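Visitor: Below are the sequence and a predicted model for it; my questions follow.
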Amino acid sequence: MMTRIAMTHYRKATKQALIMLIAMVSFTGSFGSAEATEINIYSSRSPELVQPMLDAYTAETGVTFNILYLAKGMAQRLVSEGEASPADVIMTVDIARLSELDHMGIFAAVDSPILRSNIPAKWRDDDHHWFGLTTRARVAVVSIDRVQSDELMRLEDLADPRWQGRICTRAGSHPYNRALLASLVAHLGEDAATEWAQGLVANMARKPQGNDRAQASAIFAGRCDVALMNTYYYGLMKHNLEKTEQQDWAKAVRIVFLNQGDGDRGQHVNITGAGILDSSQNYDASVQFLEWLSGPKGQSIYSSINYEYPVNPRVMPDEEIASWGSFRADDLPVSDIADHADTAQRIINKTGW
C-alpha cells in the first residue's frame, strides 16, 4: 500500500493528466465510439478521488477509461443525451443524487451475485439499479480545547440551548445536510425534525456558509465550537501536504460519533455509489468493473486514498480511518433517506437553515 506522501504525490501527478483529458472531452462534446476494452464514465466525484481506482484496474485488466467530470448538471446532460449517451457508468455521491438519477429510468438492472455478496442490502437498490461503493459518516467535530469528551453524545443535543452561539455548519440545503435531516424525519417524524432544525438554527454562531473544511477552520479560529462534517474531510485535512494550514484545522478538532448509546439508533451514514446506464454499449465490462470496485482491492484503494469506509464488510478500513475509533452505524436503509429528502428540504426552507 502506498504511503501518505506517495499517495499525495500520486494525486498531484495524475490530476494534471486527468484535467487535460476532461478538457479534451469537453471540447469535443463526446467520447466517440467505445471499444469492448473501454468504459466511459460520468463522475461527479473529484478527479483525484477517482483516478487511482481507474489506474489500478487498468493495470490489472487492460481495460481503459474515458471519464467526464461533472460537478453539476449531470442529470440535465443525461436527459439531453437520452439513449445516445456515450456513458456506461455513472459515479456520484449521496443517496439523493443516486435516487434522482434512478427516478429518470436510466439505469440497467444488474443482477450480479458478486455485487449482492459484497454489498449489504441497505447500501444498494432493491431493484439492482445502483450500488453503494463507500460509506461516510456525517459526524460532529468539536473543539479539542473548548468541548469536553462527554459534552455531546447525540445529534439531537445540537438543538439544546447550551450550544447557543457555538455551532457552525454549511447550508442545510446541501445534499449532505439534507440527507442527515431526512434521516431524522424517518426516525422521529416531520414535526420533531422541524423542532430540531429550529433549535439548531437558533444555536448557530454565524449564518450557514462554506464547505465542511470551512467549519473546521472556523473552530480553529475560535468562531464556533461544534460543526457537522463528513469523516473523510478530516483525513484529507490531516494529511494535506499542499495546503498545510488544513493540518492545523484537523488538529483543532475531535471527531464525535453520535447516537452510540444503548438502544440508540446509531451514527448517520451516507454513501457514494454507481450505476450502469441501460443504454451502455459496454455492459458486461461495466458490471465487472463495479464488481471489482466492491471487492477487496477496489475497497482498499477507496479507503486508503479517499478516507472513506468500505461497504464490503469483509474489507477492513484503512489504518488511518481505524485510528478515529469505531462506531455503530444507523441501520436505516439509504433508500429511506431518499424517500424523505423532499420533506427535509421543506423543513430547511421553513427554518432558514
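Guide: Received it, and whenever you're ready, just let me know what you need. Residues are numbered from 1 along each chain as shown.

Visitor: Looks to me like Phe131 is in a strand.
Guide: Yes: counting by DSSP: H, G, I helix; E, B strand; the rest coil, one finds Phe131 located in a strand.

Visitor: contacting residues for it?
Guide: By C-beta atoms under 8 Å, 6 or more residues apart in numbering, the contact set of Phe131 is Val110, Leu115, Ile119, Trp123, Arg124, Asp125, Gly273, Ala274, Gly275, Leu290, Ser294. Heads up, the C-betas are built off the backbone N, CA and C, glycines and all.

Visitor: Same question for Leu200.
Guide: With contact taken as C-beta under 8 Å, 6+ apart, Leu200 is in contact with Leu158, Ala159, Ile167, Thr169, Thr351, Trp353.

Visitor: just checking, it is part of a helix?
Guide: Yes: Leu200 forms part of a helix when assessed by three-state DSSP.

Visitor: That one and Ala344, how far apart?
Guide: To Ala344, Leu200 is 13 Å away according to C-beta to C-beta, to the nearest Å.

Visitor: still on that earlier bit, quick check: helices, which of the contacts of Phe131 are part of them?
Guide: Among the contacts of Phe131, the members found in helices (DSSP state H) are Leu115, Leu290.

Visitor: Same list (the contacts of Phe131) but as JSON lines, adding neighbour count.
Guide: JSON lines is the format used below for those (neighbours: other C-beta atoms under 10 Å):
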{"residue": "Val110", "neighbour count": "22"}
{"residue": "Leu115", "neighbour count": "18"}
{"residue": "Ile119", "neighbour count": "25"}
{"residue": "Trp123", "neighbour count": "24"}
{"residue": "Arg124", "neighbour count": "25"}
{"residue": "Asp125", "neighbour count": "23"}
{"residue": "Gly273", "neighbour count": "28"}
{"residue": "Ala274", "neighbour count": "23"}
{"residue": "Gly275", "neighbour count": "25"}
{"residue": "Leu290", "neighbour count": "25"}
{"residue": "Ser294", "neighbour count": "28"}
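
Visitor: Output the contacts of Phe131 as CSV; include the columns pLDDT and distance to Val139.
Guide: Formatted as CSV, those follow (pLDDT from 0 to 100; distance: C-beta to C-beta, whole Å):
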residue, pLDDT, distance to Val139
Val110, 98, 31
Leu115, 98, 28
Ile119, 98, 23
Trp123, 95, 18
Arg124, 96, 23
Asp125, 95, 26
Gly273, 96, 20
Ala274, 98, 24
Gly275, 98, 27
Leu290, 98, 28
Ser294, 98, 24
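
Visitor: Can you lay out the contacts of Leu200 as a markdown table showing secondary structure and pLDDT?
Guide: Below are the contacts of Leu200 laid out as a markdown table (DSSP: H, G, I helix; E, B strand; the rest coil; pLDDT from 0 to 100):
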| residue | secondary structure | pLDDT |
| --- | --- | --- |
| Leu158 | helix | 98 |
| Ala159 | helix | 98 |
| Ile167 | strand | 98 |
| Thr169 | coil | 98 |
| Thr351 | helix | 98 |
| Trp353 | coil | 98 |
